[in-house]
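>>> Please find the sequence and the predicted model below.
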Amino acid sequence: MLIEPLLPPWPEKSPGPRPVADRLCLQGILYVLYNDIAWQLLPLELGFGSGQTCWRRLERWQQAGVFDQLHRILLAELNAAGELDWSRACVDGPRPREKGGADTGPSPVDRRKTGSKHHLICDGRGTPLKVITTAANVNDVTQTLALIDGIPPVAGRPGRPRRRPDSLLGDKGYDSNPNRRELRKRRILPVISRKGAPNIKGLGKLRYVVEQTFALLHQFKRLAVRWERRTELHNAFVSLACSLICWRRLKKPRS
């Protein structure tokens, strides 16, 4: 199990009964991620322990940075296999997710209902590099540099780990001259349509991968609607989902 070396050891002299095995807790967390059921409804007969047990293990692992580390390891393996396209990256932020607690705000597209929003940057093949959760009323353009700077250093190839794509593709929602200047300072070519001008020819055909990645991400039902009131726990699910997408691509048979 790739995640096993990353899990923090359980204290040997911890009080109480013997803890549920990490593998079983992980299976319970995955069950919730895939099926979007309430923690208290997690079937005890499957051996995962109670929902509270899995929830606390999720919290503990997130605090230890387990899921971000797993995502980074899988990105490195994809990079070593030549499966990452650094020639371009794509950004987008679809319609807001409902529910939630912290980092929520009135949705501009759903009668101002409180909700959250995912902002995503992926490589040219649609592999998720970084996801940020914000309130629903946060403009996409404000997260451009945060997404770029949030890409983890990806090893797997000779030389220094890579963190920057050659170019960044975005729609008119990311139109910002200050952001263009900052991207050029980072040696990234901004390919972003300008408001009031025709769209860049062929840009949509290159950017479709980010929509595809969002569809994959939100196939995990726990992410389609946000229920975790604590942002860090929702982000734990997001990082785990990104890792699973990377794992599937890594294990996909080469044609």
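Arrived safely, thanks for sending.
>>> my guess is Thr142 is in a strand, correct?
No. Per DSSP: H, G, I helix; E, B strand; the rest coil, Thr142 lies outside any strand segment and is helix.
>>> Give me the neighbour count for it.
14 (other CB atoms under 10 Å). The C-beta positions use only the backbone N, C-alpha and C, and glycine is treated the same way.
>>> Please tell me how far Glu59 sits from Pro153.
From Glu59 over to Pro153 the distance is 26 Å, taken as CB to CB, to the nearest Å.
>>> higher neighbour count, the two?
Comparing Glu59 with Pro153 by other CB under 10 Å, the one with more neighbours is Glu59, at 14 against 11.
>>> Where does that one fall, secondary structure wise?
If you go by DSSP states H and E, Glu59 is part of helix 51-63.
>>> Could you list every helix and strand that that helix packs against?
Helix 51-63 is packed against helix 22-35, helix 231-251, with contacts defined by 3 or more CB pairs under 8 Å, 6 or more residues apart in numbering; DSSP states H and E.
>>> Give me the angle between the longest one and helix 22-35.
Between the direction of helix 231-251 and that of helix 22-35, the angle (axes from the mean of the first three to the mean of the last three CA atoms, to 10 degrees) works out to 90 degrees.
>>> Can you give the contact residues for helix 231-251?
Outside helix 231-251, the residues that touch it by CB atoms under 8 Å, 6 or more residues apart in numbering are 2, 29-30, 33, 55, 58-59, 61-63, 67-68, 70-71, 74-75, 77-78, 81, 83, 100-103, 116, 118, 127-128, 131, 133, 213, 216-217, 220, 222-223, 226, 228.
>>> Next, the angle from it to helix 51-63.
Using the same axes, to 10 degrees: helix 231-251 against helix 51-63 is 80 degrees.
>>> Okay, buried residues for helix 231-251 please.
231, 233-247, 249-250 (16 or more other CB atoms under 10 Å).
>>> again, but for the first one
Burial within helix 22-35, assessed by neighbour count using 16+ other CB under 10 Å, is assigned to Asp22, Leu24, Cys25, Leu26, Gly28, Ile29, Leu30, Tyr31, Val32, Leu33.
>>> Do a quick rundown of the helices in the stretch 101-250 of the chain.
144-150, 177-185, 203-217, 221-224, 231-251 (DSSP state H, counting those that start in this stretch).
>>> Tell me how many other residues crowd Leu46.
Count around Leu46 with other CB under 10 Å applied: 11.
>>> And the one 3 residues further on, by the same measure?
Using other CB under 10 Å, Gly49 has 20 other residues around it.
>>> quick one: secondary structure of it?
With three-state DSSP as the criterion, Gly49 was assigned coil.
>>> got a list of what it touches?
Val20, Leu24, Cys25, Gly28.
>>> Let me have the residues you listed in CSV, extended by distance to Ile192.
What follows is these, written out as CSV (distance: CB to CB, whole Å):
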residue, distance to Ile192
Val20, 48
Leu24, 46
Cys25, 43
Gly28, 42
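>>> Could you list the low-pLDDT ranges of the stretch 51-200 of the chain?
94-114, 198-199 (pLDDT under 70).
>>> what helices or strands is the biggest strand by length in the chain leaning on?
Secondary structure of the chain per DSSP state E: the longest strand is strand 114-123. The helices and strands touching strand 114-123, judged by 3+ CB pairs under 8 Å, 6+ apart, are strand 89-92, strand 97-98, strand 105-106, strand 128-135, helix 144-150, helix 203-217.
>>> Tell me which of those is the most buried.
strand 89-92 (a mean of 25; mean count of other CB atoms under 10 Å).
>>> neighbouring strands for it, and are they parallel or not?
strand 114-123 (antiparallel), strand 167-170 (parallel) (DSSP bridges).
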